[in-house]
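Enquirer: Give me a 3D structure for the following:
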Amino acid sequence: MSAHPPRWSSRQGVAGLTAVMLTVASARQAPTLHAQTTSGPCNVTSFGGSGVDACQKARDLFGFVVPQIGVAVSAGNPVLGEGGTLGGWPKRAFSFRVSAVDGQLPRNAVPISVLGPAVGSDFGAARTPIPLPSADAAIGIFPGIPLGLTNTLGVDVLIGASYLPSVKESNFEVTPDNGGFAFQYGVRVGALQESSFIPGLSVSYMRRKMPTVDLGYTPNDDTLNVTGTSVTSNTIRIVASKRFAIFGVAAGVGRDEIEGSASMRASVRETVLGTTRSALVELSDLRYTTTRNTAFVNASLGLGIARLVGEYGWSSAGTVRETVNSFGGRKADEGYRYGSLGIAFRF
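Expert: So this is what the prediction gives:
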């Protein structure tokens, strides 16, 4: 992806917007990118054993779930239905949305052991939407430099807040800490400000953070908790938009850098010499990083001072990461669809 947006002349208008939307379609064929999971040492207390199986299952569960949460955090358009900058102070745009990833969560109860090597188990995968309500705002700072029928190099500040509810599937649960709220910030620079004849076109950067969560897995009488899971994403977006009376369209492409960190603590019941005993397994400094391409389209309908906006997007797969455990035929780092529905205001 080029670091600089394409130059559009005032005569390109809707044709330029069409070109961007064609780029959206082709982004689904983007090349795969790098993904990596690392961790600290695996420690076992209470009785002998390596704990390798419990630690490997924690790594695989973490690597399977975090990318999906990262896609929910990143979403698509920084401000629903908006493509160009606003035109300077004191113009503002707000959007309230619920985004959801068409996700997959583990559903099978598989045995966990602290003795012997890591054993490959099938956690299965059940289709489970991962929702993330959020509020986003753009505040005009600089109107830009006049350029024919439009302005260029306008600047908006982007801010927002998101909320992650609890999500549960069978033996697996995602539970937010500290109320489940988190905040994001960024900046948007306009290549073109939208006018009667010219579509809006901008490049934006946002740093988004997911509320800290615990991932709980409780098969049979064992427990495996990946605690203090923190996911952040650094997102770059190129977005074009145009309004036609009460209707509006926007389309964009971008790049997401997703980072996750956590620690694991598991309580495993094991039978040793005919006696059932509990062992504590700990895994520190569990980390995940990946980079993904994304593409999305918005459609909006004017309702007085507000606009109803829907979004559909696709986040590309990363490099296939090898796992000891499987997830019902799903890969640990594959592509995911996402969507948003919200209401937007500009004044």
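
Enquirer: quick one: low-confidence parts of the protein?
Expert: Per-residue confidence for the chain (pLDDT under 70) gives these ranges: 1-41, 46-50, 270-277, 318-321.

Enquirer: Tell me where the longest strand sits in it.
Expert: Residue-count comparison of every strand in the chain, with assignments taken from DSSP state E, identifies strand 275-303 as the longest.

Enquirer: could you pull out the strands for the stretch 151-300 of the chain?
Expert: 155-163, 167-169, 172-176, 181-192, 200-209, 213-217, 223-244, 247-272, 275-303 (DSSP state E, counting those that start in this stretch).

Enquirer: Any chance of those strands in TSV with mean neighbour count and distance to residue 126 as columns?
Expert: C-beta: built from backbone N, CA, C; applies to glycine. Output for the strands of the stretch 151-300 of the chain, formatted as TSV (neighbours: other Cβ atoms under 10 Å; distance: least, Cβ to Cβ, whole Å):
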stretch	mean neighbour count	distance to residue 126
strand 155-163	19	23
strand 167-169	17	5
strand 172-176	20	9
strand 181-192	21	26
strand 200-209	22	26
strand 213-217	22	14
strand 223-244	21	18
strand 247-272	21	21
strand 275-303	19	21
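
Enquirer: Format those as TSV; extra columns: distance to residue 343.
Expert: As requested, the strands of the stretch 151-300 of the chain are arranged in TSV below (distance: least, Cβ to Cβ, whole Å):
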stretch	distance to residue 343
strand 155-163	15
strand 167-169	24
strand 172-176	24
strand 181-192	19
strand 200-209	19
strand 213-217	27
strand 223-244	16
strand 247-272	13
strand 275-303	8
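
Enquirer: Relative to residue 118, which of the ones you listed is closest?
Expert: Checking the strands of the stretch 151-300 of the chain against residue 118 by Cβ to Cβ gives strand 275-303 as the closest, at 12.1 Å.

Enquirer: What is the subsequent helix or strand relative to the closest one?
Expert: Following the chain from strand 275-303 toward its C-terminal end, the next helix or strand by DSSP states H and E is strand 306-315.

Enquirer: CA atoms only for that next one - export them in CSV, please.
Expert: Backbone C-alpha positions of strand 306-315 (Å, rounded to 0.1, in the frame of the first residue of the first chain) are rendered in CSV as follows:
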residue,chain,number,x,y,z
ALA,A,306,-28.9,12.1,11.1
ARG,A,307,-27.8,9.3,8.7
LEU,A,308,-28.4,5.6,9.1
VAL,A,309,-25.2,3.8,8.0
GLY,A,310,-24.4,0.2,7.4
GLU,A,311,-20.9,-1.2,6.8
TYR,A,312,-19.6,-4.5,5.4
GLY,A,313,-15.9,-5.4,5.5
TRP,A,314,-13.4,-8.1,5.1
SER,A,315,-10.1,-8.6,7.1
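
Enquirer: so what strands line up beside the longest strand of the chain?
Expert: Looking at strand 275-303 with DSSP bridges, its partner strands are strand 35-38 (antiparallel), strand 42-45 (antiparallel), strand 247-272 (antiparallel), strand 306-315 (antiparallel).

Enquirer: Between strand 223-244 and it, find me the angle.
Expert: Comparing the axes of strand 275-303 and strand 223-244 via axes from the mean of the first three to the mean of the last three Cα atoms, to 10 degrees yields an angle of 10 degrees.

Enquirer: Tell me how far the closest residue to residue 263 other than its chain neighbours lies from residue 119.
Expert: Nearest residue to residue 263, sequence neighbours excluded (Cβ to Cβ, 6 or more residues apart in numbering): residue 284, at 5.2 Å. Residue 284 sits 22 Å away from residue 119 when distances are taken as Cβ to Cβ, to the nearest Å.

Enquirer: Please apply the same query to residue 152.
Expert: As it turns out, when the distance is counted by Cβ to Cβ, residue 152 lies 60 Å from residue 119.

Enquirer: got the strands paired with strand 275-303 as a markdown table, with distance to residue 194 columns?
Expert: Written out in a markdown table, the entries for the strands paired with strand 275-303 read as follows (distance: least, Cβ to Cβ, whole Å):
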| stretch | distance to residue 194 |
| --- | --- |
| strand 35-38 | 37 |
| strand 42-45 | 54 |
| strand 247-272 | 10 |
| strand 306-315 | 13 |
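
Enquirer: Spell out for me which residue occupies the centre of this structure.
Expert: Nearest to the geometric centre of the chain sits residue 71, at 2.0 Å (Cα atoms, centre = their mean).

Enquirer: Pretty sure it sits against residue 338.
Expert: Yes: using Cβ atoms under 8 Å, residue 71 makes contact with residue 338 at a distance of 5.6 Å.

Enquirer: Can you check which residues contact both of the two?
Expert: Counting by Cβ atoms under 8 Å, 6 or more residues apart in numbering, the shared contacts of residue 71 and residue 338 are 101, 315.

Enquirer: how distant is the strand or helix carrying residue 60 from the center of its chain?
Expert: Assigned by DSSP H and E, residue 60 belongs to helix 52-74. For helix 52-74, the distance between its averaged C-alpha position and the chain's averaged C-alpha position is 13 Å (Cα atoms, centre = their mean, to the nearest Å).
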